[in-house]
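Trainee: what would the 3D arrangement of this be:
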Amino acid sequence: MSFPILNYTSHILGHVTTHRTPYGTRLNPPLAVPSSSILLQTDESDKWPGSNKASGLNTASTNCDSLLSQANTVGIIGGVSVDSTLNFLRKVVEWSSRHEKDSPPFVLCSDPVLNKELLTHERNCMPYVNCKSERSQLDLTPVMENLRGKRFFLEKSGARCIVMPCHISQSWYDEVSKGSTIPFLNMGECVAKELKEAKLKPLEAGSPLRIGVLGTNTTLTAEFYQDKLQSEGFEVVLPDKATMEHTVIPAIEALNRKDIEGARNLLRIALQVLLVTAVNTIILASDDMRDLLPQDDPLLKKCIDPMDALVRSTIKWAQSAVKGTC
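Mentor: Residues are numbered from 1 along each chain as shown. Below is the predicted model of the structure:
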């Protein structure tokens, strides 16, 4: 069985403009891509695009049984936001080379159909109080099967480890990873492990270690962060119903209206409400929330980006695989 691929023989993927409705358009910086890596993307009709000579991309057909054969090849399943996926990839490339290490080879599979399915699921789960009942009524089997199909493809493509840099996709981690014969990194586990290794101390004497989790309804009701944190002995603090209804959901609505300042102020309130409960740190389980605050905002110092934990775990796995210890 043959698949057309986009084989980026040059080392630079230029400025990429992507759209994620309803949060607008962002620009990504140039992304250095290892010559042994491959990026795959279907078009709106779920068909493979043709060659683009102007951009320096060559289209080729190859047997998908061995696109890449290196022991440290990473397979990446793109999520609801292409921006977020490329940001994850950029960090893997840049951070792995900080100490003169080679970036691991990778296969990235980005599918606009899957992006839309995940976004639709997120929108259908907006009302905080009704999210669990709505989730049970929705037929989410196509989303799960789509994600599993991406996993099978990446395994056939030569991936030796798989990651899903998407908070929403992690909701189906158990179903998608079931039966996989290669490591499949779990973002919740990566965060919980780093927090455990940090040897934090409770902010109040005699109190348990408290970790806050702030995200959209979809992520919070999936409970994968809560489960992993609690298994490591942490007490998890979530925003209460009033905080969700009066700050988090309105912040998302403000983003929809492109009211950045309003969304930013509401997010700050939500973070401060969690901080007064004596949490050691807050997991920002939303790319839009993370990007909303300026990099020099003091509140960000109280937060953890799960994507960064996944990047570090991915690099650590790749480096161990090269040494033959993985």
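
Trainee: please count neighbours and contacts with C-alpha atoms only from this point.
Mentor: OK.

Trainee: okay, now the unreliable bits of this structure?
Mentor: Within the chain, the stretches with pLDDT under 70 are 1-67, 99-100, 123-138, 325-326.

Trainee: ok, residue 292 - contacts?
Mentor: By C-alpha atoms under 8 Å, 6 or more residues apart in numbering, the residues touching residue 292 are 260, 263-264.

Trainee: please report which of these has the highest neighbour count.
Mentor: In terms of neighbour count, residue 263 stands highest of the contacts of residue 292 at 24 neighbours, by other C-alpha atoms under 10 Å.

Trainee: for that residue, what is the enclosing helix or strand?
Mentor: Assigned by DSSP states H and E, residue 263 belongs to helix 260-275.

Trainee: and that helix, which residues are buried?
Mentor: By neighbour count on 16 or more other C-alpha atoms under 10 Å, the buried set for helix 260-275 is 260, 262-264, 266-268, 270-271, 274-275.

Trainee: who touches it?
Mentor: Defining contact as C-alpha under 8 Å, 6+ apart, one finds that helix 260-275 is touched by 212, 214, 237-239, 243, 247-248, 250-255, 281-282, 289, 292-293, 299.

Trainee: try it again with 10 Å
Mentor: Applying C-alpha atoms under 10 Å, 6 or more residues apart in numbering, the contact partners of helix 260-275 are 210-214, 237-240, 243-244, 246-257, 280-282, 284, 289-294, 297, 299-300, 302-303.

Trainee: buried by neighbour count, from these: which ones?
Mentor: In the contacts of helix 260-275, burial by neighbour count holds for 210-214, 237-239, 243-244, 247-255, 280-282, 284, 289-290, 292-293, 300, 302-303, counting by 16+ other C-alpha under 10 Å.

Trainee: looking at those residues, which are in helices?
Mentor: Using DSSP state H, the subset of the buried ones among the contacts of helix 260-275 located in helices is 243, 249-255, 289-290, 292.

Trainee: and these, which is closest to residue 317?
Mentor: Each of those was scored against residue 317 by C-alpha to C-alpha, and residue 290 proved nearest at 25.3 Å.

Trainee: may I have the beta-bridge partners of the nearest residue to that closest one once chain neighbours are set aside?
Mentor: Excluding the flanking residues, the one nearest residue 290 by C-alpha to C-alpha, 6 or more residues apart in numbering is residue 284, at 6.3 Å. Residue 284 has these beta-bridge partners by DSSP bridges: residue 214.

Trainee: I figured residue 284 hits residue 212, correct?
Mentor: Yes: using C-alpha atoms under 10 Å, residue 284 makes contact with residue 212 at a distance of 8.6 Å.

Trainee: overlap in contacts, the two.
Mentor: Common neighbours of residue 284 and residue 212, using C-alpha under 10 Å, 6+ apart, are 271, 303-304.

Trainee: between those, which is closest to residue 193?
Mentor: Closest to residue 193, out of all of the shared contacts of residue 284 and residue 212 and judged by C-alpha to C-alpha, is residue 304, at 12.8 Å.

Trainee: pairing partners for that closest one in the sheet, please.
Mentor: Under DSSP bridges, the beta-bridge partners of residue 304 are residue 283.

Trainee: right, and it touches residue 283 too?
Mentor: Yes: the pair residue 304 and residue 283 passes the contact test of C-alpha under 10 Å, sitting 4.8 Å apart.

Trainee: list residues touching both of the two?
Mentor: In contact with both residue 304 and residue 283: 191, 212-213, 290, using C-alpha under 10 Å, 6+ apart.

Trainee: all helices of this structure, in order?
Mentor: 82-96, 112-124, 131-137, 141-156, 173-177, 187-197, 217-222, 224-231, 241-243, 249-256, 260-275, 287-292, 306-323.

Trainee: tally of neighbours for residue 242?
Mentor: Residue 242: 10 surrounding residues under other C-alpha under 10 Å.

Trainee: these two touch, right, it and residue 250?
Mentor: No: in this structure residue 242 lies outside contact range of residue 250 using C-alpha under 10 Å: 11.4 Å.
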